[in-house]
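Novice: Just need the structure, nothing else, for what follows:
(one chain, ligands or ions: 1)
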Amino acid sequence: MCAYPPWRLTRLSRLALTREKIYKTVARQMHGVVPCWVCGQHVPHETATLEHIQPLSQGGNSHLENLAISHEHCNNQRHAQTAS
Ligand SMILES: [Zn+2]
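Specialist: Next up, the predicted model:
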């Protein structure tokens, strides 16, 4: 559970599972509301994406405390802004 396989496919599927777990946890804590960490609005389940608060490229990790739910478009906008 603590080991972190370096293979990309494994990482992606693991993140997808993590996203489900975080989404359900937040929804339960917030009584059905899952706020987008970028814009603060509720994120419907089907558009939820998992965001690294501190990007991996800047030393972030994939632990729960560095992950948050955001809208797909908010996620994309953020990456568009930071990419140069
Ligand atoms: Zn948003």
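Novice: in this protein, which spans are strands?
Specialist: Taking DSSP state E as the test, the strands found in the chain are 48-52, 67-71.
Novice: Now do the contacts for the nearest residue to residue 74 once chain neighbours are set aside.
Specialist: Distances taken as CB to CB, 6 or more residues apart in numbering put residue 38 closest to residue 74, at 3.7 Å, once the chain neighbours are dropped. Backbone N, C-alpha and C define where each C-beta goes, glycine included. By CB atoms under 8 Å, 6 or more residues apart in numbering, the contact list for residue 38 reads 51, 70-71, 74-75, 77-78.
Novice: Same check on residue 77?
Specialist: Counted by CB under 8 Å, 6+ apart, residue 77 has contacts residue 38.
Novice: Test for you: state the pLDDT assigned to it.
Specialist: For residue 77, the model assigns a pLDDT of 84.
Novice: State which helix of the chain is the longest.
Specialist: helix 8-29 (DSSP state H).
Novice: Mind listing what's buried along it?
Specialist: 19, 22-23, 26-27 (16 or more other CB atoms under 10 Å).
Novice: Stretch 60-75 too?
Specialist: 67-71, 74-75.
Novice: Make CSV from those and add distance to residue 57 to it.
Specialist: Output for those, formatted as CSV (distance: CB to CB, whole Å):
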residue, distance to residue 57
67, 15
68, 17
69, 20
70, 17
71, 21
74, 19
75, 15
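Novice: ok, and of those, which contact the ion?
Specialist: 71, 74 (CB under 5 Å from the ion).
Novice: wait, isn't residue 36 in contact with residue 43?
Specialist: Yes: contact criterion CB atoms under 8 Å: residue 36 and residue 43 qualify, at 4.8 Å.
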